[in-house]
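> next one to model:
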Amino acid sequence: MEPTNVNDPEYYHKVVDCQYACPAHTPVPEYIRLIAAGRYTEAYMVNWESNVFPGVLGRTCDRPCEPACRRGRVEEEPVAICRLKRVAADNKGDIKNLIPKAPAVGNGKKVALIGAGPASLTVARDLAPIGYEIHVFDEQIKGGGMMRSQIPSFRLPEAVLDEEVNNILEMGIHTHFKTYVSSLKEVLDKGYDAVFIGTGAPKGRDLDLPGRQEGAANIHIGIQWLASVAFEHTSKIGKNVIVLGGGNTAMDCCRTSRRLGGENVKVVVRSPFAEMKASPWEKEDAMHEDIPILDNHVPKSFVVEDGRLKGMTFEKVHAVYDDKGKRSLVSTGEPDVFIEADDVLIAIGQENSFPWIERDLGIEFDKWEMPKVNPDTFQSTNPKVFFGGDAALGPKNVITAVAQGHQGAISIDLFCQGQALTNRPAPYTNLVSQKMGIHEWSYDSLVVTDHRFVVAQADKSVTLKDRKKEVELGFNPIEGFKEAQRCLNCDVQTVFTETRCIECDACMDICPTSCITFTVNGEEEDLRTRLMAPALNLEQELLVSGNLPTGRVMVKDEDVCLHCGLCAERCPTSAWDMQKYFYNVTKAHHGCQTAAV
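Predicted structure coming up:
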C-alpha cells in the first residue's frame, strides 16, 4: 500500500466517528471536553456554529452520532452525546453578545426563505451576518416549522424552541408570519436574488380503506392532528384510541393522546416490532406510559355503525424473508382482529406537496412530484431557486435539515457572487500536539469501564396530566460531568512520524487493542489479514507509513484504536504524538468564522 495521505482533511475526520456520522459534522469531542470543564457557554457555541439548535437537538435529535461512538466498542452503550448537548444548553450563560448580527450596511442582495423551519433558519443564520437581506415567509404565527408543529411540548418545551429560533430572527431577519405563499412566481417577481424553499413535507399519508369516509369525523392524519394540538385547536380525544404507524410521529401521536384523555391507547403497526422505524428510545417511552405496541397487524377496514366510528379490523401476519433479505408479510390464517376505537390517528408517513409552485418556472419535477435538486448544491433546475430540508430530498430529521441549510447557504452565496457552485470552500482544520510534559497530556486519556448514565424522567402521574410538562429532566451538572468523562477523545489523533521510528516495537507491545503492527507491506486485502488483530472494518482506512529502515511499514487499524495515548507515552523517540484534530465545515462566511468560535 502507498503511505496514507494524512494531509487529506477527510482522513482524520473519518476517525472522529461521531462527528463524521453527524450530518452537520458537529465537533462532538471538542464540546464534550468543554462540558467536562464546566465551560457550558463555550460548549453551546461550538454546537451552535454547526447544528444551530443545541437546546432543541439536545432533546429531540435522531442521534446518528451515537451508533458510531467508539465507546460502544468498549461497552454496550455509547456516550450520551445528544443529552450532553442539552447539558450545555441548560447551563449556558448569556450568549446574546456572541451571536453575530446583520451588518449596518448590507451587500445589496436579497434572499427569500419560504418556510421558517430548521433548514430555512439555518440559511438565515449563515447569510444574514455577511450582509444579505433575509425575508422569511411562513403561515404559522412563529418560526420553527415542524419543530413547533410536530414535536410535542412534553419533549420540546416551547420556551426552548422560542429562544433558539429568536436567536436567529434577532440577527436582523425580516419576518412575514401568518403569510401563506400561494405563488412562487409572485415571489420571484419581487426581485429577490435567490429563493430558498424549506417548506418540509407537510402532507400526511392517508389510508383508503372501507369505512374511511363514513368515519372521517374521528379519523385524523397524524401530523395535522399534532399541529392542531400544538396550536391549541384540539384539546381532547376519545377514551379508546388507535394509532396506525411505527415511526416517531406515531410515538408522538400516541403519547399526546394519553395526555388529551386517551385512557386506552394502542399503537398498531404492520411490521415486526424490531423493524419499526421509530427510534428505540421513543418506543421505550411510549411503553413506559402504558401504551401497548401491537406489531404484525395489517389494517383492513374502519368499522362504522350508525354513522359513528367503532374501531378497526386487522389481519394478523408474520414476516417472511427471501434469500435476498426482502420481506413479505404473510397472513397467519387466524381470524381478523377487531380493536375498539373512538378515534384513529393515521401516522404512516409524510409526503411533499408543492401546489403553490407553478410548473412553468423552469423547475423540473420527477414522477413523484419532487423537485429535481442537486444533492450537493441543493439548486433546482431554475438556478435562482434552492431547496433544503424535507422539501429537498424527502423527510429526514432536524439535523439533516440543518446540514442542508448550511450547504444551501453556501450555494446561494456563491450564486449571488457570480461564482461556480462547485467552487465550495474547504473545511477549516487544525492539528495541534497535546503534549505538556514527558508523560502528561492536556486531556484526560484514561480509558475505564463506566456505564452510560440514565436521564431521569418526571413521574408519569404528573406528566400524563399536562401535555406541556417536559418528561425528561436532563443531566444535572455532576451527571453531565461523569457522562462527559466517558468520551474517548477520538479527535485527539495518534500521529506517526516515520523518520523518528527506531522499530523497537514498544508501541505494538503496549497497545491494549493490538491495533499497531510492523510488517512487510502488501496489497490492502492481504495486509488487513496479517495485522496483530485483523482489520475487519473496510470502511475505515488504515494508517500506513512509508518504508522504515528494515523495509517494514507501520500499519495501524484506526477502527479499534481507543486513543489512550499509551503508544505515545511508551515511544522513546516521540515517533508517536497525540495531536488534537479540529474539523469544522466552512459555512457561507467568505472564509470568516464568527466571534462564537
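> residue boundaries of the strands in the stretch 101-250 of the chain?
110-114, 133-137, 174-176, 194-197, 203-204, 219-221, 240-244 (DSSP state E, counting those that start in this stretch).
> now those strands as CSV including mean neighbour count?
(Each C-beta comes from the backbone N, C-alpha and C, glycine too.) Converted to CSV, these look like this (neighbours: other Cβ atoms under 10 Å):
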stretch, mean neighbour count
strand 110-114, 25
strand 133-137, 22
strand 174-176, 16
strand 194-197, 27
strand 203-204, 19
strand 219-221, 22
strand 240-244, 27
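> relative to residue 65, which of the ones you listed is closest?
Nearest to residue 65 among the strands of the stretch 101-250 of the chain is strand 194-197; the distance by Cβ to Cβ comes to 26.3 Å.
> in its sheet, what does the closest one sit against?
Paired neighbours of strand 194-197 in the sheet (DSSP bridges): strand 110-114 (parallel), strand 385-387 (parallel).
> with respect to residue 247, which of those lies nearest?
The nearest among these, by Cβ to Cβ, is strand 385-387 at 22.6 Å.
> next SSE downstream of that closest one?
helix 390-393 (DSSP states H and E).
> need the mean per-residue confidence for that next one.
Here helix 390-393 scores 94 as its mean pLDDT.
> for whichever helix in the chain runs longest, name the packing helices and strands.
The longest helix of the chain (DSSP state H) is helix 398-416. Helices and strands touching helix 398-416, by 3 or more Cβ pairs under 8 Å, 6 or more residues apart in numbering; DSSP states H and E, are helix 54-60, helix 118-127, strand 194-197, strand 385-387, helix 390-393.
> can I get the CA coordinates of that helix in PDB?
Output of helix 398-416 as PDB, limited to C-alpha atoms (Å, rounded to 0.1, in the frame of the first residue of the first chain):
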ATOM      1  CA  VAL A 398     -33.900  18.200  12.100                       C
ATOM      2  CA  ILE A 399     -30.100  17.700  12.000                       C
ATOM      3  CA  THR A 400     -30.200  16.800   8.300                       C
ATOM      4  CA  ALA A 401     -32.300  19.800   7.500                       C
ATOM      5  CA  VAL A 402     -29.700  22.000   9.300                       C
ATOM      6  CA  ALA A 403     -26.800  20.400   7.300                       C
ATOM      7  CA  GLN A 404     -28.700  21.000   4.100                       C
ATOM      8  CA  GLY A 405     -29.400  24.600   5.100                       C
ATOM      9  CA  HIS A 406     -25.600  25.200   5.600                       C
ATOM     10  CA  GLN A 407     -24.900  23.800   2.200                       C
ATOM     11  CA  GLY A 408     -27.800  25.800   0.600                       C
ATOM     12  CA  ALA A 409     -26.400  29.000   2.100                       C
ATOM     13  CA  ILE A 410     -23.000  28.400   0.600                       C
ATOM     14  CA  SER A 411     -24.600  27.800  -2.800                       C
ATOM     15  CA  ILE A 412     -26.800  30.900  -2.500                       C
ATOM     16  CA  ASP A 413     -23.700  33.000  -1.600                       C
ATOM     17  CA  LEU A 414     -21.700  31.600  -4.500                       C
ATOM     18  CA  PHE A 415     -24.600  32.100  -6.900                       C
ATOM     19  CA  CYS A 416     -25.200  35.700  -5.800                       C
END
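> residue 270 contacts residue 297, doesn't it?
Yes: between residue 270 and residue 297 a contact is recorded at 6.9 Å, counting by Cβ atoms under 8 Å.
> where do the contact lists of those two overlap?
Here residue 270 and residue 297 have residue 317 as joint contacts, going by Cβ atoms under 8 Å, 6 or more residues apart in numbering.
> coming back round to it: so which of the strands of the stretch 101-250 of the chain comes closest to residue 549?
Each of the strands of the stretch 101-250 of the chain has some distance to residue 549 by Cβ to Cβ; the shortest is strand 194-197, at 57.4 Å.
> residue 270 and residue 297: who's more crowded?
Between residue 270 and residue 297, counted using other Cβ atoms under 10 Å, the more crowded position is residue 297 (24 against 20).
> just to be sure, residue 494 is in a helix?
No: membership of residue 494 in a helix is not supported by DSSP: H, G, I helix; E, B strand; the rest coil, which gives strand.
> contact partners for it?
543, 556, 561, 563, 565, 567-568, 576-578.
> which is the succeeding secondary structure element to the longest helix of the chain?
strand 428-433.
> mind listing what the helix or strand just after that next one pairs with, with the direction of each?
Sequence-wise, the next helix or strand downstream of strand 428-433 (DSSP H and E) is strand 435-437. Sheet partners assigned to strand 435-437 using DSSP bridges are listed as strand 440-441 (antiparallel).
> if you average the pLDDT over the next helix or strand after the partner strand, what comes out?
Tracing the chain past strand 440-441, the next element assigned as helix or strand by DSSP H and E is helix 460-463. In this model, helix 460-463 carries a mean pLDDT of 95.
> also stretch 405-421?
97.
> starting at the chain centroid, how far to that stretch?
23 Å (Cα atoms, centre = their mean, to the nearest Å).
> and what of stretch 234-248?
26 Å.
> next one: stretch 390-397
12 Å.
> could you export that stretch as CSV, CA atoms only?
The C-alpha coordinates for stretch 390-397 follow below in CSV (Å, rounded to 0.1, in the frame of the first residue of the first chain):
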residue,chain,number,x,y,z
ASP,A,390,-37.6,17.7,3.9
ALA,A,391,-38.7,19.8,0.9
ALA,A,392,-35.5,18.9,-1.0
LEU,A,393,-34.8,15.2,-0.8
GLY,A,394,-37.8,13.9,1.3
PRO,A,395,-38.5,13.5,5.0
LYS,A,396,-35.4,13.1,7.2
ASN,A,397,-34.9,14.9,10.6
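> please tell me how far the nearest residue to residue 135 once chain neighbours are set aside sits from residue 500.
The shortest distance from residue 135 to any non-neighbouring residue, by Cβ to Cβ, 6 or more residues apart in numbering, is to residue 174 (4.5 Å). Residue 174 sits 58 Å away from residue 500, going by Cβ to Cβ, to the nearest Å.
> check residue 312 too.
Residue 312 is 71 Å from residue 500, by Cβ to Cβ.
> comparing these two, which residue is more hemmed in?
residue 312 (26 against 13).
> secondary structure class for the more buried one?
Classification of residue 312 by three-state DSSP places it in strand.
> what bridges to it?
Bridge pairing for residue 312 - DSSP bridges - gives residue 302, residue 339.
> surely it meets residue 302?
Yes: applying Cβ under 8 Å, one finds residue 312 in contact with residue 302, separated by 5.6 Å.
> now the common contact residues for these two.
With Cβ under 8 Å, 6+ apart, residue 312 and residue 302 have common neighbours residue 344.
> show me the contacts for the closest residue in space to residue 137 that isn't next to it in sequence.
With sequence-adjacent residues excluded and distances taken as Cβ to Cβ, 6+ apart, residue 137 is closest to residue 176, at 4.6 Å. Each residue near residue 176 by Cβ under 8 Å, 6+ apart is listed here: 135-138.
> can we see that at 7 Å?
135-137 (Cβ atoms under 7 Å, 6 or more residues apart in numbering).
> cool, and residue 475?
83, 87, 453, 455, 483.
> tally of neighbours for the closest residue to the last one other than its chain neighbours?
Right, residue 483. Nearest in space to residue 483, with sequence neighbours left out and distances taken as Cβ to Cβ, 6+ apart, is residue 453 at 4.8 Å. Per other Cβ under 10 Å, the neighbour tally for residue 453 reads 18.
> who's in contact with residue 453?
Applying Cβ under 7 Å, 6+ apart, the residues contacting residue 453 are 80, 475, 479, 482-483.
> from the residues you listed, pick the one nearest residue 408.
Of those, the one sitting nearest to residue 408 (Cβ to Cβ) turns out to be residue 80, at 30.4 Å.
> residue 564 versus that closest one, what's the distance?
21 Å.
> still on that earlier bit, how about TSV for the strands paired with strand 194-197, with mean pLDDT added?
As requested, those are exported to TSV (pLDDT from 0 to 100):
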stretch	mean pLDDT
strand 110-114	98
strand 385-387	98
